[in-house]
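K.L.:
compute the structure for the input listed below.
(one chain, ligands or ions: 1)
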Amino acid sequence: MPFVITDPCIGTKDSACVDVCPVDCIHPRKDEPEFATSSMLYIHPDECIDCGACVPACPVAAIYDSPDSTPASQKALIEANAVYRVGDSSAVEKAEAMVKAHMSSRADLMAVAPTERAAAHAR
Ligand code: SF4
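P.N.:
Numbers count the residues shown, from 1 in each chain. This is a model prediction of the structure:
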């Protein structure tokens, strides 16, 4: 089961997870053109090897260890992680549209600072 990046990454994009991922499955990296306009980072579900290295690296606790453990408030972002493909503008657009929809529908969570947002997921 792949790891999933959720909404504390929006407005954060720290990239510490990218640096520790042994299989380079988190995108966009800072050296990829999509980084500047991306709302968040995404984990490629077929490439993730479930090692768990990214979880402690994330300063805002944005990463869950499987779709099943991802809170209900974040379910839309599971699909966004799944469809995102760096270098594929159509896939990037689809994933970003899902993130924007999540941001609109969960304005309550977006109003919480990224560092506190994960704690608000269970509410
Ligand atoms: Fe990369 Fe491991 Fe995190 Fe999967 S669990 S995204 S392989 S660091």
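
K.L.:
list the contacts for the residue nearest to Pro71 when sequence neighbours are not counted?
P.N.:
In this structure, Pro71 finds its nearest non-sequential neighbour in His121, 4.2 Å apart by CB to CB, 6 or more residues apart in numbering. (C-beta placed from N, C-alpha, C; glycine too.) Residues in contact with His121 (CB atoms under 8 Å, 6 or more residues apart in numbering) are Thr6, Pro71, Ser73, Gln74, Leu109.

K.L.:
my read: the third one touches Met110, true?
P.N.:
No: the pair Ser73 and Met110 fails to qualify as a contact (CB atoms under 8 Å) at a distance of 11.3 Å.

K.L.:
so between these two, which is more surrounded?
P.N.:
Ser73 (19 against 15; other CB atoms under 10 Å).

K.L.:
dump the residue contacts of that one.
P.N.:
Applying CB under 8 Å, 6+ apart, we find Ser73 in contact with Arg106, Leu109, His121.

K.L.:
for those, which one is nearest the ligand?
P.N.:
Proximity of the contacts of Ser73 to the ligand (CB to the nearest ligand atom) peaks at His121, which lies at 18.4 Å.

K.L.:
buried stuff in the helix ranked longest in the chain?
P.N.:
Once the chain is assigned using DSSP state H, the helix that runs over the most residues is helix 89-105. In terms of neighbour count (16 or more other CB atoms under 10 Å), helix 89-105 has its buried residues at Val92, Lys94, Ala95, Glu96, Met98, Val99, His102, Met103.

K.L.:
so which of those residues comes closest to Cys48?
P.N.:
Cys48 has its nearest neighbour among those in Ala95, at 15.5 Å by CB to CB.
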